[in-house]
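Novice: no letters, just coordinates:
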């Protein structure tokens, strides 16, 4: 029996109500923007994902008398477009953390969710608990023999192994190779819209285990102690880096459905056999990495800054360089992932033609 036939057989009469433990009282239409950012020059990089503001300085928005309005509208735009890019940003680490905090707070995240502390972050790190240094040199310090050589396995949503994972993430790259080192993002909304209605209905009733316990080995390889204290939310604590999340997730900012399974952290679908789980997860992974028309590729320049919504995107680094590449990332925490059966797809909300 082929993989397609197997999936079809699994799907036939499966249906379940709301899934997950997050905020389910949000109106399905999501938050409404005041369009305060329309005065600034911007352009969409693709129809499905990615917007760039070539002239806006984030620090100016943060210091403006209209700061809260600007940042709230920016949060809504990021959640709608998946990822937003800025160039030539002279922003301090404290300002980067402030942006991460305000994006979530102004778009309604739980009060108990703060900035994330990555399990690999060293205690008394020079840049503090809430800055993750993304460094090519650091990655070379531990054994990579057991690492996949398939770039498609790089696709992920940040820290989806946490019970309360990320809403927004901010990365500023300050050290670059002469060429290479691009980052790709993919739309989880558009991936959902590529599913057939019956298969989508089936997946909406399922949950999956996300697992990041391989970080124990990474920490040992780096000679560090894994962070088992509270990592930005009271639910994110202890040494077991795993959580159960719905496969289809509702973004509370937009009210849109998106795929929430990724090859780096999603290990096992609950309620089906391992063989069935492997087949489904492999197909969902292919849906993301084999559809270039739901992706955007960003070529970094010095001090470029990207802000994305981890609830509704996947991203992957491109390891095609040998020179140094380094940047600073802030990861904000949102709500427990949930699926609201009253939520709608992006294409339905925007009145777009459905993919056949």
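Specialist: Here it is on my side, so go on. Every value quoted in this text rests on a predicted model; they were computed, and no experiment measured them. Numbering: from 1, shown residues only.
Novice: isn't residue 84 up against residue 304?
Specialist: No. Using CB atoms under 8 Å, residue 84 is not in contact with residue 304; the gap is 11.6 Å. In short, each C-beta sits where N, CA and C put it, glycine included.
Novice: run through the residues that contact the residue nearest to the spatial centre of the chain.
Specialist: Centroid-nearest residue in the chain: residue 310, 1.9 Å away (criterion: CA atoms, centre = their mean). Residues near residue 310 by CB atoms under 8 Å, 6 or more residues apart in numbering: 157, 158, 159, 160, 165, 166, 167, 168, 169, 331, 334.
Novice: the residue nearest to it when sequence neighbours are not counted and residue 232: what is the separation?
Specialist: In space, and not counting its chain neighbours, residue 310 is closest to residue 166: 4.0 Å by CB to CB, 6 or more residues apart in numbering. In this view, residue 166 and residue 232 are 9 Å apart by CB to CB, to the nearest Å.
Novice: ok, residue 39 next?
Specialist: 34 Å.
Novice: which one of those two is surrounded by more residues?
Specialist: Each of residue 39 and residue 232 had its neighbours counted (other CB atoms under 10 Å), and the higher figure belongs to residue 232 (23 against 8).
Novice: how many neighbouring residues does the closest residue to residue 226 other than its chain neighbours have?
Specialist: Closest residue to residue 226 apart from its sequence neighbours, by CB to CB, 6+ apart: residue 219 at 4.3 Å. Neighbourhood size, residue 219 [other CB under 10 Å]: 17.
Novice: A helix includes residue 219, no?
Specialist: Yes. Residue 219 forms part of a helix when assessed by DSSP: H, G, I helix; E, B strand; the rest coil.
Novice: and it, what does it touch?
Specialist: Residue 219 neighbours (CB under 8 Å, 6+ apart): 119, 120, 225, 226.
Novice: among those residues, which one lies nearest to residue 339?
Specialist: Ranked by distance to residue 339 (CB to CB), the contacts of residue 219 are led by residue 119 at 26.5 Å.
Novice: just give me the neighbour total for the closest one.
Specialist: 24.
Novice: just checking, it touches residue 231?
Specialist: Yes. Counting by CB under 8 Å, residue 119 touches residue 231, with 6.8 Å between them.
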